[in-house]
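# the sequence and its predicted three-dimensional model are supplied below.
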Amino acid sequence: MKKTILMLVCTLLSFAGLYAEKIRFTVAGSEGRYNQIRLVNKTGASNFDCIAYFLDKDGEKYIAREPLGAFHLDKIGGRDTCTSINLINQGDHIGIVVPEEVGQVSYVVSYKDYPLFDIIEVTLLGGDSPLGKEF
């Protein structure tokens, strides 16, 4: 019985992952290393969670190597920052899973340099944003 319930839960979670929006980018800022990643919510959705992963490139595919951090975006305009135990190096591949309920998103990656820490800031934009679309 426990195996059946566990299998059912795993199946439901995998279906949710299939329909989630996935963002992928390569760290290309001016600093050699970054110790924080920040998500900023400028979509029309609120109260959702995102997970960031380190990715390994395998030919044309990207494979999640390990989790980088979890983010909770509670309101429109809200933001959440995660300090990474592992430093994020220039050239690393990062993937972020955004839940299906948020809808289609585009994103902008920017890099912030402060005296004690360096931040990769990913701004999530709603599907109505012209960014990432053909003009």
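All right, it came through fine.
# tell me the contacts of residue 46?
73-76, 78 (Cβ atoms under 8 Å, 6 or more residues apart in numbering). Yep, even glycine has a C-beta here, placed from its N, CA and C like the rest.
# output the helix or strand in which residue 38 is found as CSV, restricted to C-alpha atoms.
For residue 38, the host element (DSSP states H and E) is strand 33-42. Only the C-alpha atoms of strand 33-42 are listed here, as CSV (Å, rounded to 0.1, in the frame of the first residue of the first chain):
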residue,chain,number,x,y,z
ARG,A,33,32.2,34.3,-8.8
TYR,A,34,28.9,35.0,-7.3
ASN,A,35,27.6,34.0,-3.9
GLN,A,36,23.9,35.0,-4.2
ILE,A,37,21.0,34.6,-6.6
ARG,A,38,17.9,36.7,-6.4
LEU,A,39,14.5,36.3,-8.1
VAL,A,40,12.3,39.3,-8.6
ASN,A,41,8.6,38.7,-9.4
LYS,A,42,7.2,41.0,-12.1
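# what helices and strands are in contact with it?
Packing partners of strand 33-42 (3 or more Cβ pairs under 8 Å, 6 or more residues apart in numbering; DSSP states H and E): strand 48-58, strand 61-73, strand 79-89, strand 118-126.
# point out where this protein drops to low pLDDT.
The chain contains residues with pLDDT under 70 at 1-20, 129-135.
# tell me the contacts of the residue nearest to the spatial centre of it?
By Cα atoms, centre = their mean, the mean C-alpha position of the chain lies nearest to residue 96, the distance being 2.2 Å. By Cβ under 8 Å, 6+ apart, the contact set of residue 96 is 22-24, 39, 50-53, 107, 122.
# got it, and residue 67?
Contact analysis of residue 67 by Cβ under 8 Å, 6+ apart lists 51-54.
# which of the residues in stretch 118-130 are buried?
Within stretch 118-130, the residues scored as buried using 16 or more other Cβ atoms under 10 Å are 118-126, 129.
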